[in-house]
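Student: model the following, please.
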Amino acid sequence: MALMTKLKELIPWKRKPVETHEVLSLRDDINRLFDRFLMSPFDTSWPRLTGGGSEIEMEETDEHVIIRVDVPGLDPKQLNVKIRNGLLHISYEDEREWREKDGAGFGRRYAAFHRTVGLPDGLDTSKTEATCKHGVLTVRIPWTPEAKNHARTIVVSVD
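Tutor: You can find the predicted model right below:
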């Protein structure tokens with residue numbers, strides 16, 4: 001009986017009750033750790049993740065709509081770019097397995113992402129071009145001649 005009493009005293013969480021906010025804080029820390037790993041499994045440094053992954057930038061010029069997506073460290077040959085129903089779909093999937101030469105160890109890693117961007121009306125999607133350089137995917141979609149002719153500049157009056 002004395003031994004059980006001594007063991008209970010040695011267990012740190014038995015000395016004082018655990019506060020609810022301490023448990024929630026631990027849970028949040030563990031969730032953040034798993035989110036970082038699942039969103040970027042090939043990145044060992046785990047930098048600050050903004051927006052949950054790849055950043056997307058869209059620019060409209062007189063000639064094209066240009067979409068840029070950050071895809072650092074990804075194999076450009078495995079990027080899948082499609083346009084369907086006025087949406088640009090960009091996806092990537094990579095699965096790797098390896099075994100050590102002596103057969104004692106092995107590993108498997110899987111990474112995937114999918115981004116969808118809504119496109120404006122008046123684009124000639126049949127002439128879309130996509131290039132990837134220095135970890136940035138650039139998609140250029142030209143305007144149709146009708147859309148170019150219908151654009152007009154509006155003068156802003158100042159009071």
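Student: which segments of this structure make up each domain?
Tutor: Annotated domains of the chain cover 18-49, 56-97+119-150 [automatic domain parsing].
Student: any idea which of those domains is most buried?
Tutor: Highest mean neighbour count among the domains of the chain (mean count of other Cβ atoms under 10 Å): domain 56-97+119-150, with a mean of 14. (Glycine included, C-beta is placed from N, CA and C.)
Student: between the domains of the chain, which one is closest to Arg109.
Tutor: Set against Arg109 and scored by Cβ to Cβ, the domains of the chain come closest in domain 56-97+119-150, at 4.9 Å.
Student: re earlier: lowest average pLDDT across the domains of the chain?
Tutor: Of all those, the minimum mean pLDDT falls on domain 18-49 (a mean of 60).
Student: isn't Gly135 right up against Val69?
Tutor: No. If you go by Cβ atoms under 8 Å, Gly135 and Val69 don't touch, sitting 9.8 Å apart.
Student: what segments of this protein are helices?
Tutor: All helices of the chain, identified by DSSP state H, fall at 2-10, 12-15, 20-39, 145-150.
Student: skipping its backbone neighbours, what lies nearest Val65 in space?
Tutor: Of all residues not flanking Val65 in the chain, Ile141 sits nearest, at 4.9 Å (Cβ to Cβ, 6 or more residues apart in numbering).
Student: same check on Tyr110?
Tutor: Counting by Cβ to Cβ, 6+ apart, the residue nearest Tyr110 is Glu95, at 4.9 Å.
Student: ok, now which ones touch that neighbour?
Tutor: 108-111 (Cβ atoms under 8 Å, 6 or more residues apart in numbering).
Student: Glu57 now?
Tutor: Counted by Cβ under 8 Å, 6+ apart, Glu57 has contacts 67-69.
Student: one step back: what is the nearest of the contacts of Glu95 to Lys77?
Tutor: Top of the list for closeness to Lys77, among the contacts of Glu95 and by Cβ to Cβ, is Ala111 at 14.6 Å.
Student: what's the local residue count around the closest one?
Tutor: Neighbourhood size, Ala111 [other Cβ atoms under 10 Å]: 18.
Student: what does the model give it for pLDDT?
Tutor: We have a pLDDT of 80 for Ala111.
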